[in-house]
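Student: what follows is a protein structure lacking sequence information:
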């Protein structure tokens, strides 16, 4: 599960000393994992290796996932559950442009508008995330009351 309010990095494989460029194709959607996947990417990122001693590249994709939640309209003083509280599917594929021998990395996961604790680090995966997700929803509803 991806927690969209905490850092989540798409990380490339180890390049070694070879110059390399990678592209990240990001898709975000609601609904069925397979049947509702969009044909077009939500975002495309190009990562260029800046120096020979850099061995991996990464991109924080959580702000782009969070944009998917935040782009919906929110009515003030509303306490009913709406589609903003649901999870979304996220798929990202990392393509290595200069080296056809490196296989593309493909990750499919679902994301919620939750967050981990500060010291948990990036790409945090924990037991009991459903409980944390429910607590985050309750906190969000209280926060919405103030407007």
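Tutor: The structure has been received and is ready for your questions. Since the model is a prediction, treat every value here as computed from it, not as a measurement.
Student: which other helices and strands contact the particular helix or strand that has residue 25 in it?
Tutor: In this assignment (DSSP states H and E), residue 25 forms part of strand 21-29. Secondary-structure packing of strand 21-29 (3 or more CB pairs under 8 Å, 6 or more residues apart in numbering; DSSP states H and E): strand 43-48, helix 62-70, strand 88-96. Every residue, glycine included, has its C-beta placed from N, CA and C.
Student: pairing partners for the shortest one, with directions?
Tutor: Which is strand 43-48. Strand 43-48 sits in its sheet next to strand 21-29 (antiparallel), going by DSSP bridges.
Student: of all the helices and strands packed on strand 21-29, which lies closest to residue 12?
Tutor: Ranking the helices and strands packed on strand 21-29 by proximity to residue 12 (CB to CB) places strand 88-96 first, at 5.7 Å.
Student: after the closest one comes which helix or strand?
Tutor: Downstream of strand 88-96, the next assigned helix or strand under DSSP H and E is strand 105-112.
Student: which strands or helices does that following strand pack on?
Tutor: So strand 105-112, by 3+ CB pairs under 8 Å, 6+ apart, packs with strand 2-3, strand 88-96.
Student: just the endpoints, please. Distance across stretch 42-55?
Tutor: Taking CA to CA, to the nearest Å, stretch 42-55 runs 27 Å from one end to the other.
Student: cool, stretch 38-48 as well?
Tutor: End-to-end distance for stretch 38-48: 27 Å, by CA to CA.
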